[in-house]
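Q: quick one: sequence and predicted model below, then my questions.
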Amino acid sequence: MLEKLIGKKVVLLCGNYFYAGTLAAVEPDCVVLDNPQIVYDTGEWSAKKYAVAEDLPAPQWYVERSFIESFGLSK
């Protein structure tokens, strides 16, 4: 199902943190995000951007699939 979102901005709700970025690839045990952010506070879901989100220190970030609880299109 994640594969259908490649090239789109997504948010990954994981066990400890939320991650946002453009889904670049889906591998057997991880996903790759371009322009990744860690989201500390979503704020109102209807807001145009997250209340507190910081860019991660690399142009791509890898997130273990086993930690993803839910996912969807992002702001």
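A: The structure has been received and is ready for your questions. Numbers count the residues shown, from 1 in each chain.
Q: now Ser70: how far from Cys14?
A: 9 Å (C-beta to C-beta, to the nearest Å). In this view, the C-beta of every residue, glycine as well, is placed from N, C-alpha and C.
Q: tell me which residues of the longest strand seen in the chain are tucked away?
A: The single longest strand within the chain, with elements called by DSSP state E, is strand 30-41. Residues Cys30, Val31, Val32, Leu33, Pro36, Gln37, Ile38, Val39 are the ones in strand 30-41 that count as buried (16 or more other C-beta atoms under 10 Å).
Q: out of those residues, flag the one nearest to Leu56.
A: Nearest to Leu56 among the buried residues of strand 30-41, counting by C-beta to C-beta, is Pro36 at 4.3 Å.
Q: who touches the closest one in this structure?
A: Tyr19, Ala20, Gly21, Asp55, Leu56, Ala58, Gln60, Trp61 (C-beta atoms under 8 Å, 6 or more residues apart in numbering).
Q: go again using 10 Å as the cut-off
A: 12, 19-22, 24, 54-63 (C-beta atoms under 10 Å, 6 or more residues apart in numbering).
Q: ok, now Cys14?
A: By C-beta under 10 Å, 6+ apart, the contact list for Cys14 reads Val63, Glu64, Arg65, Ser66, Phe67, Ile68, Glu69, Ser70, Phe71.
Q: isn't the fifth one up against Gly15?
A: Spelled out, that is Phe67. Yes. Phe67 is in contact with Gly15 according to C-beta atoms under 10 Å; the separation is 5.0 Å.
Q: who has more neighbours out of those two?
A: A direct count of neighbours by other C-beta atoms under 10 Å for Phe67 and Gly15 places Phe67 higher, at 14 against 9.
Q: so how far is Ser74 from the more buried one?
A: In terms of C-beta to C-beta, Phe67 sits 17 Å off from Ser74.
Q: ranges for the strands of the protein?
A: 9-14, 18-26, 30-41, 52-55, 60-64, 68-73.
Q: which one of those lies nearest to Leu2?
A: Here strand 18-26 is closest among those (C-beta to C-beta), at 4.7 Å.
Q: the closest one pairs with which strands?
A: Here strand 18-26 is paired, per DSSP bridges, with strand 9-14 (antiparallel), strand 30-41 (antiparallel).
Q: cheers, nothing more for now.
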